[in-house]
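Chemist: With the sequence up front, the predicted model follows.
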Amino acid sequence: MSSFTMYSTPWCGYCHRLKSQLDREGITYDVVDIEQQPEAAAIVEKANNGNQTVPTLVYSDGTSQTNPSLKQVQEKVASLA
């Protein structure tokens, strides 16, 4: 079971980089393309003061991070365990 959802777009370089890092570390997550699911864009906007900034990660505890480093994600996932 994943502890967070990554909201992204296919053209986002930061999203691709973070996905690669997470995959390499074996961290599981769900991905939602905000261009394919427009209702998800509202979640991203809420977390980013009205901006559609990706990657935005929303965790199982309801908190979010925008364009976090791998280390920040690892620390957050560990705190949720």
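Modeler: Happy to help now that I have it. The structure presented is a predicted model; accordingly, all values stated were derived computationally and were not measured.
Chemist: Do you have the helices of the protein handy? List them.
Modeler: Here the chain has its helices, by DSSP state H, at 13-25, 38-47, 70-80.
Chemist: Redo those helices as a markdown table? Include mean neighbour count, mean pLDDT and distance to Ser2.
Modeler: In this view, the C-beta of every residue, glycine as well, is placed from N, C-alpha and C. Formatted as a markdown table, the helices of the chain follow (neighbours: other CB atoms under 10 Å; pLDDT from 0 to 100; distance: least, CB to CB, whole Å):
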| stretch | mean neighbour count | mean pLDDT | distance to Ser2 |
| --- | --- | --- | --- |
| helix 13-25 | 14 | 97 | 10 |
| helix 38-47 | 15 | 94 | 15 |
| helix 70-80 | 14 | 96 | 9 |
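Chemist: Out of the ones you listed, the one nearest Gly62 is which?
Modeler: Taking CB to CB, helix 38-47 is the member of the helices of the chain nearest to Gly62, at 10.1 Å.
Chemist: quick one: contacts for Thr63?
Modeler: Residues near Thr63 by CB atoms under 8 Å, 6 or more residues apart in numbering: Lys76.
Chemist: thinking again about what came up before, closest to Met6 out of the helices of the chain?
Modeler: Of all these, helix 13-25 comes closest under CB to CB, at 7.1 Å.
Chemist: And the closest one, how far out from the chain middle?
Modeler: 10 Å (CA atoms, centre = their mean, to the nearest Å).
Chemist: Need the CA coordinates for that helix. CSV is fine.
Modeler: Extracted C-alpha coordinates of helix 13-25, given in CSV (Å, rounded to 0.1, in the frame of the first residue of the first chain):
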residue,chain,number,x,y,z
GLY,A,13,11.0,16.8,-15.9
TYR,A,14,10.9,17.1,-12.1
CYS,A,15,8.2,14.5,-12.0
HIS,A,16,10.2,12.1,-14.1
ARG,A,17,13.3,12.6,-12.0
LEU,A,18,11.5,12.0,-8.7
LYS,A,19,9.7,9.0,-10.0
SER,A,20,13.0,7.4,-11.1
GLN,A,21,14.5,8.1,-7.7
LEU,A,22,11.5,6.6,-5.8
ASP,A,23,11.4,3.6,-8.1
ARG,A,24,15.2,3.0,-7.5
GLU,A,25,14.6,3.2,-3.7
